[in-house]
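Chemist: Let me see the structure of the following:
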Amino acid sequence: MPRSVNSVASRARRKKVMKQAKGFFGRRKNVWTVAKNAVEKAMVYAYRDRKQKKRNFRALWIMRINAGARLHGMSYSQFMGQVKKANIELNRKVLADLAMNHPEAFTAIVNQVK
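Modeler: I've put the predicted structure just below:
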């Protein structure tokens, strides 16, 4: 019996990967073996960086809160400790936004926790 090859599915699979490789540089966009490896690597990076993005934003928020707190003579850890003690339930994202874009509101929070 002759060997059965599902070329329709194979072509569809290759087309899907080549479509994902669109916009890549050089042979990564139009050579099957290179594009397949490039797309696979890109997917690994995408998965990893979805997790890393959360860490990066938290670090950014902490830096902004720290800068805002230091303008009022407090360190970040002192400020966050006082915020928790005063039962102010604002998360770091909101506090960072206040420190950056609404300094008068941030000052009001600092005065409330002091």
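
Chemist: Residue 54 and residue 99: what is the separation?
Modeler: Counting by Cβ to Cβ, to the nearest Å, the separation of residue 54 from residue 99 is 20 Å. Where you see a C-beta, it was placed from the backbone N, CA and C, and this is true even at glycine.

Chemist: Which residue of the two possesses the greater neighbour count?
Modeler: Under the neighbour definition other Cβ atoms under 10 Å, residue 54 and residue 99 were set side by side, and residue 99 has more, 24 against 10.

Chemist: secondary structure element for that one?
Modeler: Secondary structure here is read from DSSP states H and E; on that basis residue 99 sits in helix 92-101.

Chemist: who's in contact with the next helix or strand after that helix?
Modeler: Beyond helix 92-101 on the C-terminal side, the first helix or strand identified by DSSP H and E is helix 103-113. When contacts are defined by Cβ atoms under 8 Å, 6 or more residues apart in numbering, helix 103-113 is touched by residues 68-69, 72, 74, 79, 82-83, 85-86, 88, 90, 95, 98-99.

Chemist: Compute the inter-axis angle for helix 103-113 and helix 92-101.
Modeler: Taking axes from the mean of the first three to the mean of the last three Cα atoms, to 10 degrees, helix 103-113 and helix 92-101 form an angle of 120 degrees between their directions.

Chemist: what's the first-to-last distance across stretch 79-94?
Modeler: Distance between the two ends of stretch 79-94: 14 Å, counting by Cα to Cα, to the nearest Å.

Chemist: What mean pLDDT does it get?
Modeler: Per-region confidence: stretch 79-94 scores 96 on mean pLDDT.

Chemist: buried ones in that stretch?
Modeler: Burial within stretch 79-94, assessed by neighbour count using 16 or more other Cβ atoms under 10 Å, is assigned to 79-80, 82-83, 92.

Chemist: And the residue nearest the centre of this protein?
Modeler: residue 53 (1.9 Å; Cα atoms, centre = their mean).

Chemist: Next, that residue: secondary structure please.
Modeler: Under the three-state scheme (DSSP: H, G, I helix; E, B strand; the rest coil), residue 53 adopts helix.
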